[in-house]
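Engineer: Turn this into a model:
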Amino acid sequence: MPKTVLQGSWSHRCRSALTLWATTVDVLARRAIARPLVPGWSIPFEIATLFYRKQFNHAFSLPSMSEGRAYFDSLYTIAEPNLPVQIQASTAQEPRGHWFIPRKSTRSKTMLYFHGGGYAFYPTVSRHFIALLAHHLQISIFAPDYRLTPDHAHPAQQDDALEAYRYLLERGTLPEDIILAGDSAGGHLVLMTLVSLRQAGLPQPSLALALSPWTDIGRRGASQFGYDRYDMVQGYQTLQYGQWLKGNGNWSDAQLSPIAQDLRQLAPLYIQAGGKEILVDMIRDFAQEAKTQGAAVRLDVWPDMTHEFHAYGSTLTSSEQAIAALLAAIQWTEGGVFNSLEETELDGLGSVFNKAQPEHIKPE
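Structural biologist: So this is what the prediction gives:
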């Protein structure tokens, strides 16, 4: 059963609880007259989506990011509490972050995971989501606690990502045993890190997984603002995140956007998105651009889903299917079969993975 957590100051707790109550009443009232926001959504999913939208909007309105982060953390829901996953803080000799180690890991691979949050938030609920992935994928995950904007602009996050990747190599992890993964801004960091690895002459991982990735820090696609009514994140927030990422540096949108990069000779890419999320148009554009450049890429889109719908775990059918597909993709790198789904919109990966590292993922 999902678990709701209240924490932090009483003022934040009370406001969050009232927001959840008001959202619930509103959704139930509309449902009583047969007016769901999306017909395929369950009542809990609609409530959660609209609640988190309000939470993000209020967090953005507060006078400081520290207060905004504290407010957003004041009430959240854990889809699958008490998972058999051990969470360990990194040691002084390791990059700052946490290890998420499932009790019964069945594979030798290690996942390097970059959390979402627009590069400005690292919500407590994100750590629970990473634990959920460790459990369902049965893989040990290292999630670096990379520096956040607006306090630290680019290239701080990219530097921290490369430091974490180098650390895994230095501790003896083979590149073919590394899975690079992330959601939202973390998906952006995954894609930019693949490019940075090639530029640094470092080997590519065996696979990159990008969940609802942010692929253009500027304006792209009708969904970025046109799907505001469906999603928990809003178009205006993406533009603010982009400004914070650039900071005072003389960076263009193109320089910091995955879609504008040279995407050749990268690890195989598996991308998942929701058909109702604000980023879906730019995600589709990115997948097509990657394919045009010759990258090995697959895109699956769940039509009625929103941004980061994966976090609902086994409590939502689409989330369960998406996580099962992530597992199949990892098994594909071990010689398994990765068949297309009904949700597959673009498939340039093929069905069988060559265990020997392919030429296209070796550094130039």
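
Engineer: ok, Asp26 - contacts?
Structural biologist: Leu50 (CB atoms under 8 Å, 6 or more residues apart in numbering). Yep, even glycine has a C-beta here, placed from its N, CA and C like the rest.

Engineer: Let's verify it: helix, strand, or coil?
Structural biologist: Using DSSP: H, G, I helix; E, B strand; the rest coil, the structure places Asp26 in helix.

Engineer: ok, now how distant is it from Asn57?
Structural biologist: Note on Asp26: its distance to Asn57, by CB to CB, to the nearest Å, is 15 Å.

Engineer: same question, Glu170
Structural biologist: Taken as CB to CB, the span from Glu170 to Asn57 is 42 Å.

Engineer: One more: Pro213?
Structural biologist: 22 Å.

Engineer: now do Gly40
Structural biologist: Distance, Gly40 to Asn57, using CB to CB: 24 Å.

Engineer: picking that back up, if you count what's nearby, which of Glu170 and Asn57 comes out ahead?
Structural biologist: Using other CB atoms under 10 Å, the more surrounded residue of Glu170 and Asn57 is Asn57, with 14 against 8.

Engineer: and the residue nearest to Lys3 when sequence neighbours are not counted, what is it in contact with?
Structural biologist: Leaving aside its sequence neighbours, Lys3 sits nearest to Pro81 (CB to CB, 6 or more residues apart in numbering; 4.1 Å). By CB under 8 Å, 6+ apart, the contact set of Pro81 is Met1, Pro2, Lys3, His128.

Engineer: quick one, phi psi at the third one?
Structural biologist: Dihedral pair for Lys3: phi -130, psi 130, per degrees, to the nearest 10.

Engineer: what residues are up against it?
Structural biologist: Thr77, Ile78, Pro81.

Engineer: coming back round to it: what does the residue nearest to Lys3 show for phi and psi?
Structural biologist: Dihedral angles (degrees, to the nearest 10) for Pro81: phi -70, psi 160.

Engineer: Next one: it from Arg220, what distance?
Structural biologist: 37 Å.

Engineer: ditto for Thr77
Structural biologist: 31 Å.

Engineer: now do Phe45
Structural biologist: Applying CB to CB, the value for Phe45 to Arg220 is 26 Å.

Engineer: try Asp231
Structural biologist: For Asp231, the distance to Arg220 equals 15 Å [CB to CB].

Engineer: More neighbours: those two, which one.
Structural biologist: Asp231 (26 against 19).

Engineer: Now do that one, the pLDDT please.
Structural biologist: Asp231 is assigned a pLDDT of 98 by the prediction.

Engineer: What ranges does the protein have for its helices?
Structural biologist: Taking DSSP state H, the helices of the chain run over residues 10-32, 43-61, 65-72, 124-137, 156-170, 185-200, 223-226, 235-246, 280-292, 317-332.

Engineer: Output these in CSV; the columns should cover mean pLDDT and distance to Pro144.
Structural biologist: Listed next are those as CSV, based on pLDDT from 0 to 100; distance: least, CB to CB, whole Å:
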stretch, mean pLDDT, distance to Pro144
helix 10-32, 98, 27
helix 43-61, 98, 23
helix 65-72, 98, 18
helix 124-137, 97, 11
helix 156-170, 98, 4
helix 185-200, 98, 10
helix 223-226, 98, 28
helix 235-246, 98, 17
helix 280-292, 98, 23
helix 317-332, 97, 20
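
Engineer: Redo those as JSON lines? Include distance to Trp99.
Structural biologist: As requested, those are exported to JSON lines (distance: least, CB to CB, whole Å):
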{"stretch": "helix 10-32", "distance to Trp99": "29"}
{"stretch": "helix 43-61", "distance to Trp99": "27"}
{"stretch": "helix 65-72", "distance to Trp99": "23"}
{"stretch": "helix 124-137", "distance to Trp99": "9"}
{"stretch": "helix 156-170", "distance to Trp99": "11"}
{"stretch": "helix 185-200", "distance to Trp99": "17"}
{"stretch": "helix 223-226", "distance to Trp99": "35"}
{"stretch": "helix 235-246", "distance to Trp99": "27"}
{"stretch": "helix 280-292", "distance to Trp99": "29"}
{"stretch": "helix 317-332", "distance to Trp99": "18"}
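
Engineer: Please name whichever of those is nearest to Gln255.
Structural biologist: When the helices of the chain are compared by CB to CB, helix 235-246 sits nearest Gln255, at 8.8 Å.

Engineer: how about stretch 232-240: buried residues?
Structural biologist: Across stretch 232-240, burial judged by 16 or more other CB atoms under 10 Å covers Met232, Val233, Gln234, Gly235, Gln237, Thr238, Leu239.
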